[in-house]
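Asker: Attaching a predicted model along with its sequence, questions to come.
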Amino acid sequence: MPHDDLDALFASPSALLTAGPEAFRDLPVTGGGPGREVYSQAVAVLDGAEVSRVEFASWLHFAAKVLGHDAYATLVAGAEPEMPWRTVWAWWRPVGAYRAQPNLSGDAGVEVHEGPDGQVLFKLWAALAGERWLSPATGEELLAPADGEFTARPFDAPVEDGPILFDPDGDDEDLHRLEAWEEPVALGGGRILLVEPRGLVVIERNADARADRSAVGSDTASPGTGEPWFAGPTPAEAPLDTARLEAAFGSGGVLRLPPAHQPPTLTHAPTRELIAGAGLPGYWAAGVASFTLGWTAEGARQEEPGENGLLRLGAFDLGYADRGRVFVHPDTGAVWMVRNAEGPFPFARDTETFVRLLEAVCRFMGACWSPYPGEDGTGDFLREAAALDPVTADTDTPGGRVWGHLFAAITELGVWGY
């Protein structure tokens with residue numbers, strides 16, 4: 001299919017809803033823009049499930065909201081006004097998008113809290129996402145209310161007079177439902193909240209949808225299967241920035257130092273630029289291992305090279321009384337380690353690579369622990385790590401053995417550590 005035709009096809013939700021799966025085989029690598037991202041995401045989420053045209057529109061709308069393409073979601077709603085449900089907002093990890101947040105794997109949950117004058121807030125708590133207060137209308141993160149201002153709504157409080165969308169005991173058995181979706185939380189007005197390890201979403205029943213979907217074509221068909229497609233660079237190709245590091249290491253968990261506050265003996269320009277720009281992780285943890293940065297905003301200027309000519313950077317607690325001290329070469333930015341009495345030995349080609357590897361562990365956690373069907377989070381992570389620095393895959397080297405120990409927290413162990 002010519003590039004121009006590809007752009008035109010994916011720009012039109014009506015065309016996507018009309019075309020069959022055969023129209024999307026053997027597509028060129030480029031072309032299609034946001035519409036192609038949305039379509040490929042919906043197909044990947046459905047994973048071969050059979051749905052009607054109007055229901056596929058609901059999944060296109062869901063995919064557009066998940067990806068942040070709100071304008072395209074509006075086009076989808078206009079192209080199929082009788083779709084059975086619509087996505088109000090989503091904080092959700094797309095298929096094939098390896099992001100540090102949202103990650104609701106492990107211990108996590110959401111409560112509906114009620115306050116003065118009928119106000120409602122969501123209180124999210126998650127081991128890997130922290131505590132957050134969210135607007136039920138928009139998903140926007142809000143400041144935590146004062147103690148006692150809001151109280152949790154009882155689980156069995158009646159809030160919906162009519163049928164609840166995706167109720168396991170309701171009348172929507174013909175609608176496709178993701179296996180990981182837990183029981184819906186009714187919000188009233190036809191809206192529900194769905195929570196699972198990959199995120200949370202508020203969806204609503206479409207009041208304009210016909211009760212008899214056969215009148216608009218209920219014959220189901222699979223839109224096929226396929227890999228997600230993204231127009232922009234992958235995180236491995238994109239530059240690091242503070243927002244990305246804070247998503248991985250936590251708000252306030254990144255140390256940025258202007259040049260005047262960095263060790264004067266650190267002369268490697270790219271490392272100095274990284275520390276002043278994106279920053280360094282103050283703390284990182286996965287499984288039994290953790291890393292703590294050895295610098296502080298006030299004390300970094302006092303750092304001097306040791307007898308091996310290396311600057312102290314921080315230390316790993318590798319668990320079981322195993323410790324690895326981390327150093328940076330002031331002239332090359334290369335990262336070295338002393339593990340107990342062994343070393344120093346090469347650990348990462350430069351400081352940015354070291355930070356990227358720690359960030360990648362956080363970014364792939366959700367996909368390794370709670371993957372979509374057909375998603376190879378573990379394999380993709382190991383390939384990205386090896387491309388960043390081949391030492392990570394070389395278990396014959398001391399550096400490779402340490403990285404293997406660190407990576408095992410997500411590649412071999414589950415979210416509960418076993």
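Answerer: Ah, there it is. Since the structure is predicted, the reported quantities are computational estimates derived from the model, not experimental observations.

Asker: From here on, just use CA atoms for contacts and neighbour counts.
Answerer: OK.

Asker: Between the two ends of stretch 204-219, how far is it?
Answerer: 23 Å (Cα to Cα, to the nearest Å).

Asker: From the recorded domain assignment, give the ranges for this protein.
Answerer: Using automatic domain parsing, the domain parsing of the chain gives 3-99+165-216, 103-157, 242-411.

Asker: now these in JSON lines, with mean neighbour count, mean pLDDT and distance to Pro228?
Answerer: Formatted as JSON lines, these follow (neighbours: other Cα atoms under 10 Å; pLDDT from 0 to 100; distance: least, Cα to Cα, whole Å):
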{"stretch": "domain 3-99+165-216", "mean neighbour count": "19", "mean pLDDT": "86", "distance to Pro228": "5"}
{"stretch": "domain 103-157", "mean neighbour count": "15", "mean pLDDT": "92", "distance to Pro228": "19"}
{"stretch": "domain 242-411", "mean neighbour count": "19", "mean pLDDT": "94", "distance to Pro228": "10"}
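
Asker: Which one, of the ones you listed, ends up nearest to Tyr418?
Answerer: Relative to Tyr418, the nearest member of the domains of the chain by Cα to Cα is domain 242-411, separated by 8.8 Å.

Asker: Could I get the full set of helices for the stretch 251-400 of the chain?
Answerer: Along the stretch 251-400 of the chain, the segments classed as helices by DSSP state H, counting those that start in this stretch run 269-276, 351-369, 377-388, 398-411.

Asker: Only alpha carbons, please: show the first one as PDB.
Answerer: Coordinates of each C-alpha in helix 269-276 appear next as PDB, following Å, rounded to 0.1, in the frame of the first residue of the first chain:
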ATOM      1  CA  ALA A 269      31.700  16.400  29.700                       C
ATOM      2  CA  PRO A 270      28.800  14.000  28.900                       C
ATOM      3  CA  THR A 271      28.600  12.800  32.500                       C
ATOM      4  CA  ARG A 272      28.600  16.300  33.800                       C
ATOM      5  CA  GLU A 273      25.800  17.200  31.400                       C
ATOM      6  CA  LEU A 274      23.800  14.100  32.500                       C
ATOM      7  CA  ILE A 275      24.100  15.100  36.100                       C
ATOM      8  CA  ALA A 276      23.100  18.700  35.500                       C
END
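
Asker: Need the residues that contact stretch 153-163.
Answerer: Applying Cα atoms under 8 Å, 6 or more residues apart in numbering, the set of residues contacting stretch 153-163 from outside is Glu111, Val112, His113, Glu114, Gly170, Asp171, Ala186, Leu187, Gly188, Gly189, Gly190.

Asker: now for these, which pair is the farthest apart?
Answerer: Glu114 and Asp171 (28.9 Å).

Asker: Next, name the residue at the spatial heart of the chain.
Answerer: Arg99 (2.9 Å; Cα atoms, centre = their mean).

Asker: which residues sit in contact with the residue nearest to Leu75 when sequence neighbours are not counted?
Answerer: Of all residues beyond its chain neighbours, the one nearest Leu75 is Pro13 (6.6 Å), with distances taken as Cα to Cα, 6 or more residues apart in numbering. By Cα under 8 Å, 6+ apart, the residues touching Pro13 are Gly35, Leu75, Val76, Ala79.
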